[in-house]
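Peer 1: build me a structure from this.
(2 chains)
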Amino acid sequence: MSLRRLLHERWRSRVTLLASGCLEAAERERVLLHLETCAECRNEHDQLRALVAAVSMDPVRTAEPGVAAQFLAQRVTARLDTVVCGRSRRWGFAAAGLGIGLLVAGLGLRFAAPLAERERLAAVSPAPAPVVSIDDLALRRLERVMAREQAVRYLAQAEDVLVHLKAHARPCPERHGHVELSEEVSRSRELLARRALLLDLEAEALLPARAVLEDVDNVLREVASLASCSGRGELERLRREMDERRLLMKVRLLSQELMS
Amino acid sequence: MCSNAAVEASDRELVERLAGGEREALAPLMQRHYRRVYRIALAYLRNPDDALDVVQETFVKAFQHAHRRNPAAEVLPWLTRIAINQSIDRYRRDRRRQQTLEPLAEGDHDLRLSDGEASPEDQARGQQLRARLDRALRTLPDRQRAVFVLRHYEERSLEEIAQLLGVRLGTVKSSLHRATHELRRRLQGVLA
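Peer 2: Residues are numbered from 1 along each chain as shown, chains lettered A, B, ... in the order given. Sure thing, here's the model as predicted:
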């Protein structure tokens, strides 16, 4: 590398700082003097200033969240509730799990062992076999956990389809101006069929999630009804619908809430 | 200065109340700062839904860690630090997702153009620039992107950025240099 190039490299970082508005007055003067004598740095400085000017026009700087602070505060409070409840619930689930484990072990011992063996055991130890009972509350808790887990799984798979739908638009080789949606269509159909089998929207545990789950169902139904090779307008309409309902955000928030 | 001091004092009071477990202090604190937190997250993540998630998580963390905060420190830099760390975490978690590599769909932002009445040509150019900027920023490594966002969107000084990110001043300078040149390279042809 030539001496001139070496000297130039030393100035480059200072030119960047100048363009970024980060230099103190004295240093700034020095770099400005250098710019007067170095066309390469001057050119670079101009380009960097153009970049900084473009960034200063980026609409993100004045973007509005589109959601009221009050709503977000409620979400934060709800999230804090789930964090606190999650800790105590985990112990509840552990206790329920232990109870179920004991019950299964008890039943297994009772029915799986051969009759003769059981008679022998009875003769050796005439004491009655321990009876493990599991209360209704624990069972209901277990049902709730399972319903939530199914819902989270369903939402994760639905989210994949929706993200795919939003981010990709492969042109259909068969028809000009159309998009290829065969994968999204078949996955939506499959998901809806599985949802009908596994998720009961009337279940108590899913009542707060019902509105979002129904929204997801509706969009998936629309996707499922499309042809494999659909018009771009159809895809844009679905995307707009998802945006208007802020569906992806809702799906993520709901999944987080159900998981916690 | 006086009004700033008054606002800051009030912010501190709110955070002290949070530290005492008073959730009612969240709403006024969020009302005051949620837009700013949102814009930091949006500038970093370039995705409105993800940015809203970050706003939520930032205030959850603020509530959870309020008791550990230095009571003499200013509130806004503290929130900014949480927000940028949350944005980095979020990005790392979602890195594998294909959507982060795709440009945002038009109309995905709820955006208000700052340059008032723009001609159709300017608007089209602005949209093209925004899409390129989204893509270019997404390609920057975590730290370079954080430094660039804090400098050019939050207008923080290099010393403040070093403090916010917990890195040395020299690291901030070199990260800013690399990020700026990478963006210039990627945006060639769009810049005037």
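Peer 1: ok, the helix or strand hosting residue A:159 near chain B or not?
Peer 2: For residue A:159, the host element (DSSP states H and E) is helix A:136-167. Yes - judged by Cβ under 8 Å from any Cβ of the partner chain, helix A:136-167 and chain B are in contact via A:163, A:164, A:166, A:167. Every C-beta, even on glycine, is put in place using the N, C-alpha and C of the backbone.
Peer 1: list the helices and strands that helix packs on?
Peer 2: The contact analysis (3 or more Cβ pairs under 8 Å, 6 or more residues apart in numbering or on different chains; DSSP states H and E) places helix A:136-167 against helix A:69-112, helix A:182-198, helix A:210-224, helix A:232-245, helix A:247-259.
Peer 1: scan the residues of helix A:136-167 next to chain B and report the most crowded one.
Peer 2: When neighbours are counted by other Cβ atoms under 10 Å in any protein chain shown, residue A:166 leads the residues of helix A:136-167 next to chain B with 20 neighbours.
Peer 1: farthest pair in the residues of helix A:136-167 next to chain B?
Peer 2: Largest separation among the residues of helix A:136-167 next to chain B by Cβ to Cβ: A:164 and A:166, giving 7.3 Å.
Peer 1: give me the domain ranges for the chain.
Peer 2: In the absence of a named chain, this looks at chain A. Domain ranges of chain A: A:3-60, A:142-260, per automatic domain parsing.
Peer 1: that's the wrong chain, I meant chain B
Peer 2: According to automatic domain parsing, chain B comprises the domains B:1-98, B:119-192.
Peer 1: so can I have JSON lines of those showing mean pLDDT and distance to residue A:25?
Peer 2: JSON lines is the format used below for the domains of chain B (pLDDT from 0 to 100; distance: least, Cβ to Cβ, whole Å):
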{"stretch": "domain B:1-98", "mean pLDDT": "86", "distance to residue A:25": "22"}
{"stretch": "domain B:119-192", "mean pLDDT": "88", "distance to residue A:25": "14"}
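Peer 1: thinking again about what came up before, any idea which of the helices and strands packed on helix A:136-167 gets closest to residue B:77?
Peer 2: Set against residue B:77 and scored by Cβ to Cβ, these come closest in helix A:69-112, at 20.3 Å.
Peer 1: thinking again about what came up before, in a markdown table: the domains of chain A, plus distance to residue A:82.
Peer 2: Output for these, formatted as a markdown table (distance: least, Cβ to Cβ, whole Å):
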| stretch | distance to residue A:82 |
| --- | --- |
| domain A:3-60 | 30 |
| domain A:142-260 | 4 |
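Peer 1: pick out the shakiest of those, pLDDT-wise.
Peer 2: With a mean of 81, domain A:142-260 has the lowest mean pLDDT of the domains of chain A.
Peer 1: tell me the spacing between residue B:170 and chain A.
Peer 2: 10 Å (Cβ to the nearest Cβ, to the nearest Å).
Peer 1: what residues does the strand or helix carrying that residue touch?
Peer 2: Take DSSP H and E as the rule and residue B:170 turns out to sit in helix B:169-186. Contact partners of helix B:169-186, identified using Cβ atoms under 8 Å, 6 or more residues apart in numbering or on different chains, comprise A:12-13, A:16-17, A:19-20, A:22, A:47-48, A:51, B:132-133, B:135-137, B:139-140, B:143-145, B:147-148, B:151, B:158-159, B:161-162, B:165, B:167, B:191.
Peer 1: cool, thanks, signing off.
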